[in-house]
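Q: what's the 3D shape of this:
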Amino acid sequence: MIERIKELMVHAGASWVLWLLVAVSVVSVGIMLDRARVFWPQKDSLTSLVRDLHRLLGEGNRKGAEARLTRSPNAESGVVLAGLTQWEHGKAAAQEAMAAATGLARARLERRLIFLGSVGNNAPFVGLLGTVIGVLGAFDALGQTGLAVGAAELAPERVMGAIAESLVATAVGLIVAIPSVLVFNYFHALSAAAVANAETLGHVLLTHMESAPQLGLADLDDNYDVPRGGR
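A: Here you go, the predicted structure:
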C-alpha cells in the first residue's frame, strides 16, 4: 500500500503543486483588487459625520440629515440611514433596522475574505506537500541509481539539485501565503472599524430620537395653549 502510494506520488511529481499555487495566487490577487475597489472609495471623516448629524438632528432637519448620510460613501452611513427611515416607528424599530443593515454591510465588506484567510493558512502546507513529493522523488532516484551503478559512481550534486528544486514549492507557498494573510488582516480591520463607526453614528441617532418626543410635547403645549391645572 505504501509502496503504491509512493509510486503514485513520484510519478505525479511536484509540478502540479506549483501550478495549483499559481492559480490560487491569481484568484487571491483578483479578490484583493475587488476588496480594494469596495473599501477605498469609502473615505469620509467620522468626526465630520457625527458633527453634522448632531447639528442637523438637533435642528430637527431630518431631511438634511438624510441627505448628508446619502452623500457619504461610507457603509456606516447606510446603516444609520436605515435607522433614520424608521424614525416615526420609534427607537426599537430604528435599532432593529440598523442591526439588519449592519449585518448586510458586514457581509458585503467581508465577501470573499474567507478565501484569502484560507489561502494564508493553507498555502504553506500545500507548498510543503510539493517539497515532500520532490524529496521523495529524489531519494527514489538515488536508490535506483545506487542499485544500477554502485554507490561509488553516484553524482551527489544531481541528488542535491533535485532536493533544492523541491524546496521551491515551499518557497512559493510562503510567497502566496504572506500577502494573503496581510491583506486579509488589513481588510478585516477596516470592516471591524466600519461596524464600530456605525454603532457610534447609531448612538447619535438614538440620542436625538429619545429627546424628540419630549420636544414635541413641549411644542404642542406652547402652540395650542393646553389648559393646565388650576386654570
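
Q: contacts and neighbour counts: CA atoms only from here.
A: Fine.

Q: tell me which element the residue lying closest to residue 15 once chain neighbours are set aside is part of?
A: Closest residue to residue 15 apart from its sequence neighbours, by C-alpha to C-alpha, 6 or more residues apart in numbering: residue 130 at 7.7 Å. Taking DSSP states H and E as the criterion, residue 130 maps to helix 113-149.

Q: ok, how many other residues are close to residue 78?
A: For residue 78, the neighbour count with other C-alpha atoms under 10 Å is 21.

Q: Hmm, I typed the wrong one, I wanted residue 26.
A: Neighbours of residue 26 (other C-alpha under 10 Å): 12.

Q: Please work out the average pLDDT along the helix or strand hosting residue 164.
A: Counting by DSSP H and E, the element that carries residue 164 is helix 156-224. Per-region confidence: helix 156-224 scores 78 on mean pLDDT.

Q: cool, and stretch 3-16?
A: Within the predicted structure, the mean pLDDT of stretch 3-16 is 72.

Q: what does that stretch rub up against?
A: 130-131, 133-134, 136-137, 140, 166, 169 (C-alpha atoms under 8 Å, 6 or more residues apart in numbering).

Q: how about a cut-off of 10 Å?
A: For stretch 3-16, the surrounding residues in contact (C-alpha atoms under 10 Å, 6 or more residues apart in numbering) are 1-2, 22, 127, 129-138, 140-141, 165-166, 168-169.

Q: Can you flag the buried ones in those?
A: Neighbour-count burial (16 or more other C-alpha atoms under 10 Å) applied to the contacts of stretch 3-16 gives 127, 129-138, 140-141, 165-166, 168-169.

Q: which residues sit in contact with the residue lying closest to residue 165 once chain neighbours are set aside?
A: Leaving aside its chain neighbours, residue 165 sits nearest to residue 134 (7.6 Å; criterion: C-alpha to C-alpha, 6+ apart). Residues in contact with residue 134 (C-alpha under 10 Å, 6+ apart) are 9-10, 13-15, 128, 140, 162-169.

Q: now swap in residue 178 and tell me
A: Applying C-alpha under 10 Å, 6+ apart to residue 178 gives the contacts 119-121, 123-124, 184.

Q: Tell me, how many residues neighbour residue 77?
A: So residue 77, with other C-alpha under 10 Å, has 23 neighbours.

Q: Could you tell me which residues make contact with it?
A: Listed by C-alpha under 10 Å, 6+ apart, the contact set of residue 77 reads 44, 46, 49, 66, 68-71, 194, 197-198, 201-202.

Q: ditto for residue 40
A: Here residue 40 is in contact with 73-74, 190 (criterion: C-alpha under 10 Å, 6+ apart).

Q: Also residue 117?
A: Going by C-alpha under 10 Å, 6+ apart, residue 117 touches 28, 177, 180-185, 188.

Q: Going by distance to residue 90, which of the residues you listed wins?
A: Distance ranking of those against residue 90, using C-alpha to C-alpha, places residue 188 first at 32.6 Å.

Q: thought the closest one was touching residue 113?
A: Yes. Using C-alpha atoms under 10 Å, residue 188 makes contact with residue 113 at a distance of 7.8 Å.
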